[in-house]
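S.K.: pasting a predicted model and its sequence here:
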Amino acid sequence: MQAQAYRIEENRRLESVPPERVSDDWKAGDLSCWLDIQGSGKEALEHYLGGIEINEIIVQLVEDAGNATQVIPTENEIFFDLPVHTEADDDSTGHLTVLCLPRLLITLHEQPIGSLETLATFVQRTSLLSASTTSALVCLMLMLLSTLSNTVAQRVSSRVNHLAAQMDRDAGAVKLEQILAEKAGVRALETVAEESSPVYRFLSITSTEALNLMELKSFFQVVLGNTEFLTRNVYRLSSQLGDLHQRYSVHIQEKSDQRLSVLTIISAIFLPLTLLAGIYGMNFQYMPELHLRYAYPALWGIMVVIAIGMWRYFKRRGWFD
């Protein structure tokens, strides 16, 4: 279990503080705080926030976090849990659990999330926050997370366009595993877009002491716009990958048909040869050609002429193309 704690200063910057001091600083009531925990949710809350009274329902939700996307408002808290991308160069997703109390923001996650590390680094150095509040911090956090998802979508789109260009040049150069891998990436994008969208819409009209994004509506529009753009990208990529998969299937079918056609032609060429071999393989006593001196080489010559003639006939007809 790892924890990072910050205090939001009046100059709209973050100052790192020991996680064990969050409870005392928050109770002092002077400044707002952010506690970021990577690891087991309930145990971490009990360890770092033992002196803070949190609704038992919220504690239970934190314990079960990561299983479903949800948003639960109570009288003094707002809890929401949603899927997010963890890194810009990785299509995998994780769950971010956010608990908002008056002047206290708690984030919990099992995997490292690059956007949270970026947020903490930037806000420590510059005054990126629109106000010295946890609501402004949540707004900026969701802006970075939604931007990260669009960055991942652009990477997937670039790879899909590369596959499409490859297939235009040489359909055989594209492997089914490549298409299926990109489909998995698009499914992850679809999960983030579809499940986070209703959470963001709810938060956009939230105005409580624990979280007030109504006053940050102009900034939060970026989050909603990013999510809408991601949804459109997912739809386009799904359609594009479906087309690539269909083209791949058609190419494989054409190769199978071509191989079957070649086997059919070979069978047709050998059919009259098999007939002659069958005739002269009969055990009749009076077969005139059996006593001719040059009957055997003559039969071979006839068979070769038939085979070459049929091969030339099929080639002129374009059956080998």
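M.R.: Nice, I can see it.
S.K.: need the three-state assignment for the residue nearest to T134 when sequence neighbours are not counted.
M.R.: Nearest residue to T134, sequence neighbours excluded (C-beta to C-beta, 6 or more residues apart in numbering): L105, at 4.1 Å. To be clear about C-beta, it is placed using only N, CA and C from the backbone, and glycine gets the same treatment. Under DSSP: H, G, I helix; E, B strand; the rest coil, L105 falls in the strand class.
S.K.: with adjacent residues omitted, what lies nearest to Q111?
M.R.: In space, Q111 is closest to G94, 4.2 Å off (C-beta to C-beta, 6+ apart).
S.K.: which residue is nearest the middle of the chain?
M.R.: G185 (1.9 Å; C-alpha atoms, centre = their mean).
S.K.: isn't that residue right up against T93?
M.R.: No: G185 is beyond contact range of T93, at 10.1 Å (criterion: C-beta atoms under 8 Å).
S.K.: now for the helix or strand hosting Q60, which elements pack on it?
M.R.: Counting by DSSP states H and E, the element that carries Q60 is helix 56-63. Judged by 3 or more C-beta pairs under 8 Å, 6 or more residues apart in numbering; DSSP states H and E, the packing partners of helix 56-63 are helix 41-48, strand 70-73, strand 78-85, strand 93-101.
S.K.: hmm, N150 and F229 touching each other?
M.R.: Yes: under the criterion of C-beta under 8 Å, F229 makes contact with N150 at 6.1 Å.
S.K.: more neighbours: those two, which one.
M.R.: N150 (20 against 15; other C-beta atoms under 10 Å).
S.K.: wait, a helix at the more buried one?
M.R.: Yes: counting by three-state DSSP, N150 is found in a helix.
S.K.: I'd like the distance between it and L99.
M.R.: From N150 over to L99 the distance is 26 Å, taken as C-beta to C-beta, to the nearest Å.
S.K.: what's the answer for I113, then?
M.R.: Taken as C-beta to C-beta, the span from I113 to L99 is 15 Å.
S.K.: out of those two, which sits in the busier spot?
M.R.: Counting neighbours by other C-beta under 10 Å for I113 and for L99 shows that L99 has the greater number, 28 against 24.
S.K.: ok, and the closest non-adjacent residue to the more buried one?
M.R.: Counting by C-beta to C-beta, 6+ apart, the residue nearest L99 is I106, at 4.2 Å.
S.K.: who is the one you found paired with across the strands?
M.R.: L35, L99 (DSSP bridges).
S.K.: if we can go back for a sec, give me the buried positions along the helix holding Q60.
M.R.: 58-59, 61-62 (16 or more other C-beta atoms under 10 Å).
S.K.: list the contacts of stretch 177-184.
M.R.: Contact with stretch 177-184 is made by 91, 156, 159-160, 163, 237, 241, 244-245, 248, as judged by C-beta atoms under 8 Å, 6 or more residues apart in numbering.
S.K.: could you list which of those belong to strands?
M.R.: Nothing among those maps onto strands, per DSSP state E.
S.K.: quick check: which of the helices and strands packed on helix 56-63 is nearest to I8?
M.R.: strand 93-101 (13.3 Å; C-beta to C-beta).
S.K.: check which helices and strands the closest one is in contact with.
M.R.: Checked by 3+ C-beta pairs under 8 Å, 6+ apart, strand 93-101 has helix 56-63, strand 78-85, strand 104-109, helix 134-169, helix 176-204 packed alongside it.
S.K.: can I get those in JSON lines including mean pLDDT and distance to Y313?
M.R.: Shown next, in JSON lines, are the helices and strands packed on strand 93-101 (pLDDT from 0 to 100; distance: least, C-beta to C-beta, whole Å):
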{"stretch": "helix 56-63", "mean pLDDT": "70", "distance to Y313": "77"}
{"stretch": "strand 78-85", "mean pLDDT": "90", "distance to Y313": "61"}
{"stretch": "strand 104-109", "mean pLDDT": "88", "distance to Y313": "71"}
{"stretch": "helix 134-169", "mean pLDDT": "91", "distance to Y313": "34"}
{"stretch": "helix 176-204", "mean pLDDT": "91", "distance to Y313": "37"}
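S.K.: still on that earlier bit, which ones are touching the residue nearest to T134?
M.R.: 32-35, 98-99, 134, 137-138.
S.K.: do the same with L275
M.R.: Per C-beta under 8 Å, 6+ apart, neighbours of L275: none.
S.K.: starting at the chain centroid, how far to whichever helix or strand it is part of?
M.R.: Element membership for L275, per DSSP H and E: helix 217-279. The chain centroid and the centroid of helix 217-279 are separated by 21 Å, computed with C-alpha atoms, centre = their mean, to the nearest Å.
S.K.: what's the answer for stretch 19-30, then?
M.R.: So, by C-alpha atoms, centre = their mean, the centroid of stretch 19-30 is 39 Å from its chain's centroid.
S.K.: any buried residues in that stretch, and which?
M.R.: Of the residues in stretch 19-30, those buried (16+ other C-beta under 10 Å) are 19, 22-23, 25-26.
S.K.: one more: stretch 73-88?
M.R.: 73, 77-88.
S.K.: try stretch 107-124
M.R.: Those would be 107-110, 113-116, 119-120, 122-123, for stretch 107-124 by 16+ other C-beta under 10 Å.
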